[in-house]
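Asker: When you get a sec, could you give me coordinates for this:
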Amino acid sequence: MKPKPPVPWWRWAVWWATLGVALVIFYVLLTPLWLGLRGLAWLAEIRARQRR
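Answerer: Numbering: from 1, shown residues only. Model (predicted):
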């Protein structure tokens, strides 16, 4: 069994660029959206309790 050749630099660049884009999408776009939806649900629950 012979050793594997090293990974080309361009594959590392593609990997890190993809990872960076995924982190931006998750933390900059999806997390505030999720927190906003949870906040709206929390407010709706409080208002529903006050109406009883």
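Asker: buried sites along stretch 40-52?
Answerer: Taking 16 or more other CB atoms under 10 Å as the basis for neighbour counts, none of the residues of stretch 40-52 comes out buried. Every C-beta, even on glycine, is put in place using the N, C-alpha and C of the backbone.
Asker: what about the helices in this protein?
Answerer: With DSSP state H applied, the chain shows helices at 9-24, 31-51, listed in chain order.
Asker: Let me have those helices in a markdown table, extended by distance to K2.
Answerer: Rendered in a markdown table, the data for these read as follows (distance: least, CB to CB, whole Å):
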| stretch | distance to K2 |
| --- | --- |
| helix 9-24 | 20 |
| helix 31-51 | 45 |
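Asker: Export the ones you listed to CSV and append columns for distance to P3 and mean pLDDT.
Answerer: Compiled in CSV, the helices of the chain are given as follows (distance: least, CB to CB, whole Å; pLDDT from 0 to 100):
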stretch, distance to P3, mean pLDDT
helix 9-24, 17, 97
helix 31-51, 41, 95
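Asker: quick one, which of those is nearest to M1?
Answerer: With distances scored as CB to CB, the stretch of these nearest to M1 is helix 9-24 (22.4 Å).
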